[in-house]
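A.B. asks: Below are the sequence and a predicted model for it; my questions follow.
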Amino acid sequence: MNRKTFFRLAAFFLLLLLVSGTTYVVNEAEQVIVTQFGEPVGKPVLTPGLHFKLPLVQKANYFDKRFLEWDGDPNQVPTKDKRFIWVDSYARWRISDPLKFFQRLRDERGAQSRLDDIVDGETRSAVARHDLVEVVRSSNRKAAPPEAGSEEETTLEEIETGRQAITDEILKRASQRAADLGIELLDFRLKRINYVEEVQKDVFARMIAERNRVAQRYRSEGEGEAARIRGERERDLQKIQSEAYRTAQGIRGKADAQAADVYAEAYNRDADFYAFMKSMETYELTADPKGLLILTTDSDFLKYLKKSP
């Protein structure tokens, strides 16, 4: 390679470097701040397309124009009524003033750090100004109707502010502070609210005790109802047995009367034969083939056992 060709190639690369250093491209999702020796010059570049700058001394700093995400860490926060809860939140934001954003924060990492301070701080303050029921509930809805057969009536505590109003309050206060940083907060939500572990155990214990109390009441009512049913059963059984006994005694009495009439009629027909038959029945019932029966000679019981002359 001769010197002429070398200088041509060097001139070409130098020209290419100068051209690449004087142009930059902005797409639809970006906005640019041009800095010269670290200091912003001119207005923010918001229009997509090819743009120009001074080579070497100026630099294009790109920022996202789209909606960005902020996801906070769960924090332990006390409420106004001294209940300690975990609060987990998230927000959506965008860079509304790239020049102010660059001057105050430089990049998105710095913005996320400042949003941690702003949003978490406003969340803590808002939660601390309200009772737990205000943070949890959003409206004064009616309680669910009690279960069938239950005498308890469930009532819910009335709220004045509510969760949605508290969320709007946090968004408003945080937006005012973030506006000085070139940031627009678009939305804020409480993602999750839960008791801390120590309080959670006490709450679960109270819930278990309440459910046990209700269960014990149901068991007591069930045992009382079972005792009533058993009492009614015993009463009905005794009534049935009494009526059956009375009916049986009536039937037995009628049978005995009829038997007595039969015996009386048989006796009236032939008294000697009747006496003989009754004596035979008595012999059969009293005499034991293996036993010894001693009778006197003048006993009526002996007369049918005597030998005929």
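C.D. replies: On my side now, so go ahead.
A.B. asks: Mind checking what helix or strand follows the lengthiest helix in the chain in sequence?
C.D. replies: For the chain, the helix that runs over the most residues, judged by DSSP state H, is helix 197-269. Next helix or strand after helix 197-269 toward the C-terminus (DSSP states H and E): helix 271-286.
A.B. asks: what's the neighbour count on residue 118?
C.D. replies: By other C-beta atoms under 10 Å, 22 other residues sit near residue 118. Bear in mind the C-beta positions are built from the backbone N, C-alpha and C, glycine included.
A.B. asks: pull the helix or strand with minimum mean pLDDT from the chain.
C.D. replies: helix 3-22 (a mean of 64; mean pLDDT, DSSP states H and E).
A.B. asks: Whichever helix or strand comes after that one: which residues count as buried?
C.D. replies: Downstream of helix 3-22, the first helix or strand assigned by DSSP H and E is strand 23-26. For strand 23-26, the neighbour count (16 or more other C-beta atoms under 10 Å) marks 24, 26 as buried.
A.B. asks: could you say what helices and strands strand 23-26 packs with?
C.D. replies: strand 49-52 (3 or more C-beta pairs under 8 Å, 6 or more residues apart in numbering; DSSP states H and E).
A.B. asks: Help me confirm that residue 33 is found in a strand?
C.D. replies: Yes: judged by DSSP: H, G, I helix; E, B strand; the rest coil, residue 33 forms part of a strand.
A.B. asks: In this model residue 61 seems to touch it, though I could be wrong.
C.D. replies: Yes: shown here, residue 33 and residue 61 form a contact pair, counting by C-beta atoms under 8 Å, at 4.6 Å.
A.B. asks: Looking at those two, which is more packed in?
C.D. replies: Comparing residue 33 with residue 61 by other C-beta under 10 Å, the one with more neighbours is residue 33, at 20 against 16.
A.B. asks: picking up where we left off before, angle of the longest helix of the chain against helix 271-286?
C.D. replies: In terms of direction (axes from the mean of the first three to the mean of the last three C-alpha atoms, to 10 degrees), helix 197-269 departs from helix 271-286 by 140 degrees.
A.B. asks: what sits in contact with each of residue 33 and residue 61?
C.D. replies: Common contacts of residue 33 and residue 61, defined by C-beta atoms under 8 Å, 6 or more residues apart in numbering, comprise residue 102.
A.B. asks: low pLDDT regions in this structure?
C.D. replies: Scanning the chain for pLDDT under 70 picks out 1-2, 4, 6-21, 143-156, 267, 300-302, 304-309.
A.B. asks: Domains in it, by residue range?
C.D. replies: Using automatic domain parsing, the domain parsing of the chain gives 3-64, 68-195.
A.B. asks: follow-up on the earlier one: other SSEs contacting the longest helix of the chain?
C.D. replies: In terms of contacts (3+ C-beta pairs under 8 Å, 6+ apart), helix 197-269 is packed against strand 84-95, helix 271-286.
A.B. asks: in the last one, what's buried?
C.D. replies: When burial is assessed from 16+ other C-beta under 10 Å, helix 271-286 yields the following buried residues: 274, 279.
A.B. asks: how about the CA coordinates for that helix, as CSV?
C.D. replies: Output of helix 271-286 as CSV, limited to C-alpha atoms (Å, rounded to 0.1, in the frame of the first residue of the first chain):
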residue,chain,number,x,y,z
ALA,A,271,-119.6,-80.7,90.3
ASP,A,272,-118.0,-84.0,91.0
PHE,A,273,-116.5,-84.3,87.6
TYR,A,274,-115.2,-80.8,87.8
ALA,A,275,-113.7,-81.5,91.2
PHE,A,276,-112.1,-84.6,89.8
MET,A,277,-110.6,-82.8,86.8
LYS,A,278,-109.2,-80.0,89.0
SER,A,279,-107.7,-82.5,91.3
MET,A,280,-106.0,-84.3,88.4
GLU,A,281,-104.5,-81.0,87.2
THR,A,282,-103.3,-80.3,90.8
TYR,A,283,-101.7,-83.8,91.0
GLU,A,284,-99.9,-83.1,87.8
LEU,A,285,-98.6,-79.8,89.0
THR,A,286,-97.6,-80.8,92.5
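A.B. asks: which strands and helices sit next to it?
C.D. replies: With contacts defined as 3+ C-beta pairs under 8 Å, 6+ apart, helix 271-286 has these neighbours: helix 197-269.
A.B. asks: so how far is the helix it packs on from its chain's centroid?
C.D. replies: Relative to the centre of its chain, helix 197-269 is centred 42 Å away, using C-alpha atoms, centre = their mean, to the nearest Å.
A.B. asks: can you state the direction angle for that helix and strand 84-95?
C.D. replies: Per the same axes, to 10 degrees, the angle that helix 197-269 makes with strand 84-95 is 130 degrees.
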